[in-house]
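Trainee: mind folding the following:
(2 chains)
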Amino acid sequence: METRRAYPFPEIEARWQRHWLENKTFRAADPGESGSERPKFYVLDMFPYPSGAGLHVGHPEGYTATDIVARYKRMRGFNVLHPMGWDAFGLPTERYAIQTGIHPREATRRNIETFRRQIRALGFSYDWDREFSTTDPDYVRWTQWIFLQLYRQGLAYVADAPVWFCPALGTGLANEEVINTPDGPRSERGDHPVERRTLRQWMLRITAYADRLLRDLELVDWPENIKEMQRNWIGRSEGAEVDFRTALGDAVTVFTTRPDTLFGATYMVLAPEHPLVPALTTPDQRGAVEAYVAAAARKTDIERTDLAREKTGVFTGAHAINPVFSDGDPRARIPIWVADYVLATYGTGAIMAVPAHDERDWEFAEKFGLEIVEVVVAPGASPSPGRPAQCFPGEGIAAHSGPITGLPTAEAKERICDWLEQRGAGRRRVNYKLRDWLFSRQLYWGEPFPILWRGGEHVPVGESELPILPPDLDDFKPTPDGRPPLARATDWVQVDPRTTRETNVMPNWAGSCWYYLRYIDPKNERAFVDPAKERYWMGDGGVDLYVGGAEHAVLHLLYARFWHKVLFDIGLVSSPEPFRRLINQGIILGEDGQKMSKSRGNVINPDVVVDEFGADSFRLYEMFMGPLEQSKPWSTQGIKGVHAFLARVWRLFVREDDETGRREPSPSITDAGPCDDDLRLLHRTIRKVTDDLDGMRFNTAISALMVWVNETMKAGAGGRPIPRAVALDFVRLLAPFAPHLAEELWALLGQSPSIALQPWPAAEEKYLKEENVEIVVQINGKVRDRLSVPAGTPPEEIDAAARALPKISAALEGSRLIKAVAVPGRLVNFVIAPK
RNA sequence: GCCCGAGUGGCGGAAUGGCAGACGCGCUCGACUCAAAAUCGAGUGCCCAAAAGGCAUGUGGGUUCGAGUCCCUCCUCGGGCACCA
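Mentor: A predicted model of the protein is given here:
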């Protein structure tokens, strides 16, 4: 499909992209350099994973938004840091390498080249001198260095941990790399079955920061739903641990968030993996318990947590003593069960079951005929005479509960905790859902751990020996025995007769945990970042604006916050949080309104779009589609519309000689002074575009630019010229959105480059005031007439003027006036009733 | 099941509690053209032949002189979490 070019964008765009690159127009000034006396603004994109598929139309959406903000802030006098780089370690490249035989390093180099070319073709104002890849040896060095700081802080440790292992891929996978299917859990890549294996793993103690990661969400300006997702993920719950004595002499400790229901505990449940299960089980129950525990071990987590499943469990034969009852009270002795609805990995791996006030316990008790005792009544209700008819998990008033009977739930919790603590039978306790971070992968294409093994002990590599780079392998497939690929490099692994290297590598998240800091000082060989530069760019709360997809709401953003806090604690960074403000861009759907995918055949390729319509049209359209945060479908017709708009701007400003190709400013642009209408329109546009940019409402800002063009063309058709000063201000407003066209028009109007460094125009109040305003006149809320009055006319006068209108006076005459409301500058409403 | 977010023309969307539908797409008509494309101009929520008028922001209620906007009910869609005691 051949579309005629509406204006010469290919030539213009290529030329200005070259100009910006050659002149380093967007170089950010570091402290001490000229320009750094301006206020700083750090605007960051989530850097891409350069896959073999090339850039997707989703990438440039966020990148365009940040680029518009970066360009706008520069024009507003800020020293802007706007960098780009590559998050290039990881499984996709490694799988590609295995399939094609191309070394991951080479595949990465090619992919980065493609991404860089595609991103540059969109004219983003990045400071390319700061570009790096997480795979660069120099960057790996500092990633490993930061790992060593965590290691020294006792935040990295080795443990045997259950992981998803994929026999086909030969590697362990992160939870997020595994998807649940009807055929059981499978690998996201390749769709192979995966299984649970316990492997020796590196873990990071993120749980030590759980509380601060939760609390400090209050310090950041993020979308509320993202904060909520992090809060849920961290999952803080306050409650108590309670010790129940058993016949063994050992107490079994349970965790509960409802210690006020302790008097209603009618049985206890241990997770199948609970260490006391074998010792507690009585001889006559041993067979059943062992069979149950073995069956549970074979199940995956997903099978075990499937809600549709009926609850299962077996009685151990043992009993526990509830500490809240006095000796000899028959209610004190409760049976101990084993059931897989209790998780070994949360709390103490054991619970007290209160079926009357917990849905899960209720279901279990009903199924196995266990006792149910009501100990909380809904406010205003009275206790059930016998067994309660249904579960009541809410808060209420304690009943049948000894010393706390009659107390509301909150108070009952406090009192019972005091009581438990005084007697040494329990204690207040906070638990988190957040688990420590499984930090090793059995891959080749990642950062090796800077760790040696000597006599079964791990020792850190000296900092001067960094970086530890992956050895050059020809075969980076996993080893047949399930050890990581690096284990093949025997020369590399065996450092000396008694020392070997760690062969796991770090997950892909490691590099993205601190890249925003390296942009500040990307070439520093003595430190991961210079402290003075760090203070300058991160000093007041970190990155000023961070834009990326909501799919990183929890993992990347939580991991990066964790590393940042560790660095903050050891005095290496100056803000407690890395990203002060966060925005998630929406997803761009295919033209059919479905998610873009190769299999649906609805993928839009940015290269093709840029070829046909140009980068400015592409940028403008992505922003014009709708609010940044919203998901919206791509429309080829839609991009034609904004393309036509840019062509209209071109024709409005430029006259081209068809024969010679010579271009000059349109003759309608004159040095005549602007008239009042010109100035009112211009300043209204400046005000609207400025306000919308401050609020990141790009779609309505663009619509204001369109309104200016429409009005100006209408005036031009009536013979009115465009004053040069007005034209120049319009081009400034256009510059952040369509920077190539704006530069070209700027130069054509005789200005010297670059418009990117020009000051932003200011809206002057005196041109924003309307002389006359239209007042809507309503009767019973319906518009019946209008009138025009001078701005600032007081309500009484508006009221009087409205009554004088023939239509209105006629209506008022025939009826009874109940009320009149006059809003200055807006409307009058007469409320009437029939006589 | 629980927690968020969203429902507005044929479509994307716009509207400090004050004229619903800015801007754009599409469509209709006209100008230019041998013709088409491009461009320019006019129109375009629905009902009614038109005007007058009426009806319209997922549903049903409420607050208000006045509700797309605030409150409650329900429905639908999208996202997240999911036996975390």
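
Trainee: okay, CA-based contacts and neighbour counts for the rest of this
Mentor: Will do.

Trainee: residues contacting residue A:139?
Mentor: A:132-133 (C-alpha atoms under 8 Å, 6 or more residues apart in numbering).

Trainee: residue A:378 and residue A:393 touch, don't they?
Mentor: No. Using C-alpha atoms under 8 Å, residue A:378 and residue A:393 do not qualify as a contacting pair, with a distance of 9.5 Å.

Trainee: and residue A:41, helix, strand or coil?
Mentor: strand (DSSP: H, G, I helix; E, B strand; the rest coil).

Trainee: for the closest residue to it other than its chain neighbours, give me the pLDDT.
Mentor: Closest residue to residue A:41 apart from its sequence neighbours, by C-alpha to C-alpha, 6 or more residues apart in numbering: residue A:80 at 4.7 Å. pLDDT, residue A:80: 98.

Trainee: got it, and the one 10 residues further on?
Mentor: In the prediction, the pLDDT value recorded for residue A:90 is 89.

Trainee: can you check residue A:833 too?
Mentor: On the pLDDT scale, residue A:833 gets 80.

Trainee: ok, residue A:659 next?
Mentor: Reported pLDDT for residue A:659: 73.

Trainee: picking up where we left off before, distance of the residue nearest to residue A:41 from residue A:771?
Mentor: 40 Å (C-alpha to C-alpha, to the nearest Å).

Trainee: so for the two, which residue has more residues nearby?
Mentor: residue A:80 (29 against 10; other C-alpha atoms under 10 Å).

Trainee: wait, what's in contact with the more buried one?
Mentor: Contacts of residue A:80 (C-alpha under 8 Å, 6+ apart): A:28, A:40-43, A:70, A:73-74.

Trainee: can you redo the residues you listed as CSV with neighbour count and distance to residue A:634?
Mentor: Below are the contacts of residue A:80 laid out as CSV (neighbours: other C-alpha atoms under 10 Å; distance: C-alpha to C-alpha, whole Å):
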residue, neighbour count, distance to residue A:634
A:28, 26, 34
A:40, 25, 35
A:41, 24, 31
A:42, 23, 30
A:43, 22, 26
A:70, 28, 25
A:73, 23, 28
A:74, 23, 30
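
Trainee: pick out the most distant pair among those residues.
Mentor: A:28 and A:73 (12.3 Å; C-alpha to C-alpha).

Trainee: identify the residues contacting stretch A:619-628?
Mentor: So stretch A:619-628 is contacted by A:60-62, A:64-65, A:122, A:584-586, A:632, A:634, A:638-639, A:642, A:696-700, A:702-703, A:737-738 (C-alpha under 8 Å, 6+ apart).

Trainee: hmm, which of these are the buried ones?
Mentor: Buried members of the contacts of stretch A:619-628, counted by 16 or more other C-alpha atoms under 10 Å: A:60-62, A:64-65, A:122, A:584-586, A:632, A:634, A:639, A:642, A:696-700, A:702, A:737-738.

Trainee: of these, list those near RNA strand B.
Mentor: A:632, A:642, A:699-700, A:702 (C-alpha under 7 Å from any atom of the strand).

Trainee: so of the residues you listed, which ones are in helices?
Mentor: Among these, the members falling in helices (DSSP state H) are A:642, A:699-700, A:702.
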